[in-house]
Structures are given as structure tokens and as C-alpha cells.
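*Asks:* need a structure here:
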Amino acid sequence: MNLDPEAGVHGSQGVVWGDGSSRDYKRRRREALCRAVRAIPATMPGDGAAHLMGIFSRQPAPTLEAAPPVPVPVAPPVEGFGFDEFLGDPFAHHLAREGAAGNWRAFHDACEEVDDPYQRYFYAGVLADLESFPQGWFESTAGSQFPLVARGAFLISQAWKARGTGPVETVDPSAWPRFRNLLLDAERDLGHAAALRPGDPGPWARSILTGTGLGAAKPDLLNRFSETRARAADFHPAFAAIISAVSKRWEGSHELMFETAGQIDATVPDGSPGRVAVLRAHFERRLHYAVWERNSDLARSYYRDPAVRADVERATRYSVFSSYFRPDALTPMVWVEFAYALSLTGEAEPGDWRAAAWVFDRLGERGVPAGPWRQRFGSSAEAEYEDRRNLCRQAAASAP
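*Replies:* Numbering: from 1, shown residues only. All right, here's what the predicted structure looks like:
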């Protein structure tokens, strides 16, 4: 398919996430999945009663008819490309610097006053990678929600540092108690945060991460996803998190993962960034081929599969290339997923390279998050990103 982007429950201690126990596991899983995806009608604006088929219908992917109505300016080239998890946000850099110094008074008021849920989620994440949590911040700001969210994010990060990011068999047995206790502490903080600010989707989205690490039952995780969407229907960090949560590497299954992604694709409206779930499902499947199944041939050729390519193209058409797509504070995290996937499907369909070039241009040279590039390529991620970006731009420049 030739893609052309230029062609036209609360308890005394806060929120109770649930213990995940049930004999009716499959029924609860199905009910939770249905709740999670029914928050938005299955109709698309301007398209009458039409709606997207699930990703397994394998209908031909539509051509891209238009780029988003307001193009994002492309930043001029700079010396030495490097990923920036702060997205080029000066306040995020200030937050990281003052947080590392323990000077929480320099940013507390500003963060507590942020209303945009994406920015609250992002700024809490900036503080997640500190070596230590600012001393006295939580104790001195009783009744404030943001310190709870930030400490929850920090504890999640600390849990993963204790565990490591490798497969289960590579984890030091002595790391498991600390990993679990840190995640339980994070759950406590996020539960309090959700109770203090009931409309904030961020604590619920991060609770998907804690629940995943703690081995919560899949219906419980899907319910957390549903609760997130009840507060912000297109909160895309939760869409990426739930796909990982139900994947086989986290004791789910390929079937449940693709079922979840398909339900999302069939339900969210035209222009929804939630279709990043489709891309994350395919990222997880290729990863499983490469790491767990040790099938390098299937991993290498995965994105050349016509059915995979059709899914990526469909997700592109009905999300970032849709005239209904609306950027938010974390949109670069969505764009980078599409740039990655299209640069790979382009090996089979050069038109996808031209589409990827358009996305790379939206990302520009500054404030680009690493996303799937770091996950797959590790220390060579920047070089791989630049090589593929150049390839896609050359394909776009040579197009008739």
C-alpha cells in the first residue's frame, strides 16, 4: 500500500486497586476488556455510521488523504543528534536539575497548579529518574497531590532499577523482595493521588505499570485501563501500558494482546492517538520472536509481513495522519512510535518510507524521545534513528 502523507473502589487509605482473585477469570477478563473499550462510540466524526474494523479483519489499508491541518514547524539541523526524554521542555530540564539538588520548593507550586493531565503525567515522570526523592517534600506539603504522583513514579523507576530490565531468568533472586515492596509503596501513593484528584487519569495509568509488575490479574489491569479512559478517553500513555500488561512476556498471551489492540482500533474515533496500541502490539510480538523464541529470521522480517504492514498503515491513517488528530503535550511520544514502525514497513513498501519521513519532520531535531528505538537498539539507538531517518527522507525526496 502506497502511503502518501501529502495526498490530499475507595477505602480508608485511598483507592483500592483490587486483589485480582476470581474463579471466573475468563468471564471477568472479557467483561473488563469490553468496559475498557466501550467508553468511546465506535463511530468516527464525519463518517456517518461507519467504523473501523478490528485489526484482524485484514482489510486493505486506506491511502492517506491528508496531513494534519496545522503542520508542525521543522526545527533546523543541529550538531550531534541525541534523544531528549525532556521533549525539549525548558521547565522539564529545570525540574530535573532542581529535583536532583533536592530543591523541591523551586517547582512544587508550579507543578501542583498544572491542569493539563498530559503535562502532570510528564513532569512526574521527569522526577522518576532522580537518584533520591527530594527530602521533606512530601512531609511538608500535606494535602498536595503532585508529590504523591511524583513519588509513585519515582518508586516505580526504583523498582525497575532493583529488578533490571532483562527476562525473568536473568533477575537476581535477591532483587524480588525489594522490587515488590517498591511497587506496593508506589501503589499506595498512586491510590492516594487518585483519591485527592479524582479526575486525573495519570495515577490510574501508572497503576497499570505497578499492577503489571505485581502480577495483578488481567481483568484488574483492564479495569485500570478503563478507569483511566473514563477520565481522559484518549490518554495514550495508558494505551501503550495496557498492551505491555496483557502481552505474553507479562504472563498474558499474544491472543489477548492482539484482541485488546483490535478492540481499541475498532472503537476509538478517527484521529485518536490510542491507535498507538496497534503499533505497541506489533513491537511486543517482534520482541518475543527475537528474545524469547530466539527466531532471528522472523524477528528480522516481521514488519515486512503484509498483514503487519496493513495494520501499521491503518493505524497511521486513522491517527497521526487524520485531519481529526490533535497534538498534546506528549505527542512526540506518539510520533516516534509511528516513525519507527513506518521506517520498518517501508522495507516492503517504499511509500511507507515517505510517510515516515513526514513523521520524522514533525519530530524535528530537538526534543525527540527515544521510545521504541532505545528499547530495541540500546546504545546504538541514536545512530539507527539517524540512519533510518535519512533513508526515509531520501525516499521522500526521490519520489515522483
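*Asks:* name the helix or strand of the protein that has the lowest mean pLDDT.
*Replies:* One helix or strand of the chain scores below all others by mean pLDDT, DSSP states H and E: strand 10-11, with a mean of 29.
*Asks:* state the number of residues packed around A261.
*Replies:* By other Cβ atoms under 10 Å, 29 other residues sit near A261. (C-beta placed from N, C-alpha, C; glycine too.)
*Asks:* just say helix, strand or coil for the spatially closest residue to Y324 that is not a sequence neighbour.
*Replies:* Leaving out its chain neighbours, the residue that sits closest to Y324 by Cβ to Cβ, 6 or more residues apart in numbering is G271, at 2.8 Å. When classified by DSSP: H, G, I helix; E, B strand; the rest coil, G271 comes out as coil.
*Asks:* shouldn't G271 be in contact with S323?
*Replies:* Yes. Between G271 and S323 there is a contact under Cβ atoms under 8 Å: 7.2 Å.
*Asks:* same for the strand or helix carrying Q394, what does it pack against?
*Replies:* In this structure, Q394 is located in helix 381-397 according to DSSP states H and E. For helix 381-397, the elements it packs on are helix 331-345, helix 350-363, helix 371-377, judged by 3 or more Cβ pairs under 8 Å, 6 or more residues apart in numbering; DSSP states H and E.
*Asks:* compare G271 and S323 (neighbour count), which wins?
*Replies:* Using other Cβ under 10 Å as the criterion, G271 and S323 rank with G271 on top: 20 against 13.
*Asks:* against R317, how distant is that one?
*Replies:* The gap separating G271 from R317 is 10 Å, by Cβ to Cβ, to the nearest Å.
*Asks:* could you do H236 as well?
*Replies:* Using Cβ to Cβ, one gets 17 Å for the distance from H236 to R317.
*Asks:* repeat that for A150.
*Replies:* The value you get for A150 to R317, if Cβ to Cβ is used, is 37 Å.
*Asks:* quick check: pLDDT value at T170.
*Replies:* T170 is assigned 87 on the pLDDT scale.
*Asks:* give me the number of neighbouring residues for it.
*Replies:* 9.
*Asks:* and what of P400?
*Replies:* 2.
*Asks:* same thing with E384?
*Replies:* By other Cβ under 10 Å, neighbour count at E384 equals 16.
*Asks:* any idea of the mean pLDDT in stretch 324-338?
*Replies:* 97.
*Asks:* name the residues of it that are buried.
*Replies:* For stretch 324-338, a neighbour-count test (16 or more other Cβ atoms under 10 Å) marks 324-325, 328-338 as buried.
*Asks:* ok, longest helix in this protein?
*Replies:* Determined from DSSP state H, the single longest helix within the chain is helix 176-196.
*Asks:* what comes up buried for the helix holding Q394?
*Replies:* A381, E382, E384, Y385, R388, R389, L391, C392, R393, A395, A396.
*Asks:* can you tell me the closest non-neighbouring residue to A110?
*Replies:* That would be F91: by Cβ to Cβ, 6+ apart, it lies 7.3 Å from A110.
*Asks:* same deal with V320?
*Replies:* Using Cβ to Cβ, 6+ apart, the nearest residue to V320 is F338, at 5.4 Å.
*Asks:* ok now stretch 217-230, how far from the chain's centre?
*Replies:* 15 Å (Cα atoms, centre = their mean, to the nearest Å).
*Asks:* what are the buried residues along it?
*Replies:* Neighbour-count burial for stretch 217-230 [16+ other Cβ under 10 Å]: 217-229.
*Asks:* same check on stretch 94-111?
*Replies:* L95, A96, E98, G99, W104, F107, H108, C111.
*Asks:* in JSON lines, list the residues you listed along with secondary structure.
*Replies:* What follows is those, written out as JSON lines (three-state DSSP):
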{"residue": "L95", "secondary structure": "helix"}
{"residue": "A96", "secondary structure": "helix"}
{"residue": "E98", "secondary structure": "helix"}
{"residue": "G99", "secondary structure": "helix"}
{"residue": "W104", "secondary structure": "helix"}
{"residue": "F107", "secondary structure": "coil"}
{"residue": "H108", "secondary structure": "helix"}
{"residue": "C111", "secondary structure": "helix"}
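*Asks:* widest-spaced pair of those residues?
*Replies:* A96 and H108 (14.6 Å; Cβ to Cβ).
*Asks:* helices along the stretch 151-300 of the chain, start to end?
*Replies:* 176-196, 202-213, 218-231, 236-245, 254-267, 276-291, 296-301 (DSSP state H, counting those that start in this stretch).
*Asks:* before we move on, the earlier item: what residues are up against the residue nearest to Y324?
*Replies:* P45, Y318, S319, S322, S323, Y324, F325, R326 (Cβ atoms under 8 Å, 6 or more residues apart in numbering).
*Asks:* what does L209 give?
*Replies:* L209 neighbours (Cβ under 8 Å, 6+ apart): I156, A241, A245.
*Asks:* next one: stretch 126-146 to chain centre, how far?
*Replies:* Distance, centroid of stretch 126-146 to centroid of chain: 24 Å (Cα atoms, centre = their mean).
*Asks:* start and end of that stretch, how far apart?
*Replies:* 12 Å (Cα to Cα, to the nearest Å).
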